[in-house]
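# need a structure here:
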Amino acid sequence: MHYVKALAAGAGDLRGLPNGYRVGSEPDRRLDFVNRNSRAFAIPPGLNPPAPCFQDAPFTPAPCLNGFPTVPGRVQVSYVASYPPFLYVPVGLAIRAAGREPAALYAGRAAGAAICLGLLLGALGGAARAARAGPALWGILLAATPMLVYLASSVGTSGIEAAAGVAFPSLLLLGGGRPLRWWGWAGVGLAGALLATARPLGPAWVVMDVALAAVVSGPHPLWRWLRAGRLGSLLALAGLAAAVVGSLTWTVRYGVPGPLPHGLSGLPAAVHESRLHARELIGSFGLDDVSLPRPVYVAWATAVACYLGAAFWRAGRRLRVILPLALAAAVAITVAVAALIILPTGFGMQGRYVFPAAAAVLVAAAVALGEVRRPLPGPIPAVAGALVAVLVAGVQVLAFVVNGKRYAVGSAGPVWFVPDAVWAPPAGWLPWLGLAGLGAGALLAGALLLVRPPAGNPGDDEAPGLAHRSPAQPEAALAAPEP
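The predicted model follows:
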């Protein structure tokens, strides 16, 4: 119950009171873990959490939502009470400001979505600083999957973790180490702080991204870049360190770890679960019971594979070693999280738990295509850019339609569900479908603008700002990867 935790956090109640769920409500192993993480919180009148009346029935519509049913009771239990509470505070403040349901739920979702939007704009800003912004942008678009957009619309903090998992490495790695202004350093520090405090694994993701930046650029160039930032980089690092320490302190003091498996007995199941749920990185909605058409997963995965392959092709010697290692590390992290943290609790693995690890691989590939001295030859950039833009815009709209159809008429209902909808969001389906179309159109138009060859000498085999920086300003940029 993320809603309950956010509602309490908005009033300053970060810890709650001991409580739990009754015996029989979950299998024994799950119940033990859930109850050790659960706390009770007071609920003000008119702000009871929404009841999941549509749960476990994806093929039937959700007309029960029309009356906005809520869970009764002045005290509610949240099973995510041990999560770091910091980012639940702004969401909870938005819920309380709205005053009553259903406006309160929408306000909480909007608050989380606004944070995610800011992070994604930061990631795009990082791509825009690359020597070749177009190829770098493709990686950001492929990392911002429909799953990220779906999570961004929820009251929980998974969306913030996913968006920060794209933004933080983008701001660290893209731009070739060219100097940042104060607002750039503010973006680095804020994105890292949000990643650190979103969920219990946040500090580990920050360490992973900083290590990746040190490996990609080299520790000494990274240090020179930080020194060149002066007060801006100092404040960014201080804020980031405070967020990591705060998140770790909360998790160590209040977090309840699951029982770790003995030896390597959990690895086969972890490998199977990780492979089975990899599609969730692209998109799987509801209670993992609303899926996209199979060709969509194939198309997105193919685009990612082609992007990584192109990055390996054009990368220098250093990045040709780093990219496969980064991919292998992301797979190993996924299996380790499944084996050591998730499966021992009795719950199943979900792709969103390791979203930052997958995003980091795509950002490393974006460095290879956006910063190295060997651009993609001939018409490849124009064709690839157009294909990525069309794929991303089309799949994002399709994901919105598929998820909306589930609640309007059920997953088995008609493709054009608007006339037969038994549930609709405020103002009906057409305005929201139109808004989704406008968003996809804006994304498509912006991405296609970058397809055009840059003015000047588009055939130049050197990345501006990397190969031609002044020797008198060695701290102005990180060392370029070897050709």
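# Tell me which helix or strand Phe41 sits in.
Assigned by DSSP states H and E, Phe41 belongs to strand 39-42.
# tell me the mean pLDDT over that strand?
The predicted model assigns strand 39-42 a mean pLDDT of 90.
# and if you look at stretch 326-342?
On average, stretch 326-342 scores 91.
# Kindly report the same for stretch 405-415.
Stretch 405-415 comes out at a mean pLDDT of 89.
# Show the end-to-end separation of that stretch, please.
8 Å (C-alpha to C-alpha, to the nearest Å).
# go on, stretch 70-89?
Note: stretch 70-89 ends 22 Å apart using C-alpha to C-alpha.
# Could you check how far it is from the centre of its chain?
22 Å (C-alpha atoms, centre = their mean, to the nearest Å).
# Give the buried residues for that stretch.
Going by neighbour count (16 or more other C-beta atoms under 10 Å), the buried part of stretch 70-89 is 70, 76-89. All C-beta spots, glycine's among them, are computed from the backbone N, C-alpha and C.
# And the contacts of the strand holding Phe41?
Defining contact as C-beta atoms under 8 Å, 6 or more residues apart in numbering, one finds that strand 39-42 is touched by 4-5, 7-8, 13, 15-19, 74-78, 81.
# circling back: from the buried residues of stretch 70-89, which is closest to Thr251?
The closest of the buried residues of stretch 70-89 to Thr251 turns out to be Pro84 (C-beta to C-beta; 6.6 Å).
# tell me the secondary structure for the closest one?
Three-state assignment for Pro84 (DSSP: H, G, I helix; E, B strand; the rest coil): coil.
# wait, doesn't it sit right on Thr249?
No: using C-beta atoms under 8 Å, Pro84 is not in contact with Thr249, being 9.3 Å away.
# where does the stretch 1-150 of the chain dip in pLDDT?
Counting by pLDDT under 70, the stretch 1-150 of the chain has low-confidence residues at 23-28.
# can you do 90?
For the stretch 1-150 of the chain, the stretches flagged by pLDDT under 90 are 1, 15-39, 43-82, 99-103, 128-135.
# where along it do the helices fall?
Assigned by DSSP state H, counting those that start in this stretch, the stretch 1-150 of the chain shows helices spanning 2-9, 28-37, 88-98, 103-128, 133-143, 146-152.
# And the fourth one, what's buried?
Residues 104-109, 111-113, 115-116, 118-120, 122-128 are the ones in helix 103-128 that count as buried (16+ other C-beta under 10 Å).
# Generate TSV for the helices of the stretch 1-150 of the chain, with distance to Leu222 as supplementary columns.
Converted to TSV, these look like this (distance: least, C-beta to C-beta, whole Å):
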stretch	distance to Leu222
helix 2-9	35
helix 28-37	37
helix 88-98	31
helix 103-128	15
helix 133-143	18
helix 146-152	27
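# closest to Ile322 out of these?
Checking these against Ile322 by C-beta to C-beta gives helix 133-143 as the closest, at 14.6 Å.
# and the angle for the closest one with helix 103-128?
Here helix 133-143 points in a direction 150 degrees away from that of helix 103-128 (axes from the mean of the first three to the mean of the last three C-alpha atoms, to 10 degrees).
# who's in contact with helix 133-143?
123-124, 126-128, 130, 166, 170, 174, 300, 303-304, 307, 358-359, 362-363, 365-367, 369-371, 375-376, 381, 384-385, 388-389, 392, 443, 447, 450-451.
# try it again with 7 Å
Residues from elsewhere that reach helix 133-143 (C-beta atoms under 7 Å, 6 or more residues apart in numbering): 123-124, 127, 130, 166, 170, 174, 303-304, 307, 359, 362-363, 365-366, 369-370, 376, 381, 384-385, 388, 392, 447, 450-451.
# can you pull out the helices in the stretch 301-450 of the chain?
317-337, 355-371, 380-408, 429-449.
# Now Pro49: closest residue in space, sequence neighbours ignored.
Tyr3 (4.5 Å; C-beta to C-beta, 6 or more residues apart in numbering).
# Tell me how many other residues surround the one you found.
Counted with other C-beta atoms under 10 Å, the neighbours of Tyr3 add up to 27.
# rewinding a little: which of the helices of the stretch 301-450 of the chain sits closest to Asp56?
helix 380-408 (12.4 Å).
# name the helices or strands packed onto that closest one?
In terms of contacts (3 or more C-beta pairs under 7 Å, 6 or more residues apart in numbering; DSSP states H and E), helix 380-408 is packed against helix 133-143, helix 146-152, strand 290-291, helix 294-314, helix 429-449.
# Can you tell me which of the ones you listed is most buried?
Mean neighbour count, computed with mean count of other C-beta atoms under 10 Å, is highest for helix 133-143 among these, reaching a mean of 27.
# any idea of the pLDDT on Gly465?
34.
# if we can go back for a sec, which of the helices of the stretch 301-450 of the chain sits most buried?
Counting by mean count of other C-beta under 10 Å, the most buried of the helices of the stretch 301-450 of the chain turns out to be helix 355-371, with a mean of 28.
# Just want the angle from it to helix 133-143.
Counting by the same axes, to 10 degrees, helix 355-371 lies at 170 degrees to helix 133-143.
# quick one: helix 355-371 to helix 294-314, angle?
50 degrees.
# Now for the residue lying closest to Pro90 once chain neighbours are set aside: which residues touch it?
Excluding the flanking residues, the one nearest Pro90 by C-beta to C-beta, 6+ apart is Ala111, at 5.5 Å. Applying C-beta under 7 Å, 6+ apart, we find Ala111 in contact with Pro90, Val91, Ala94.
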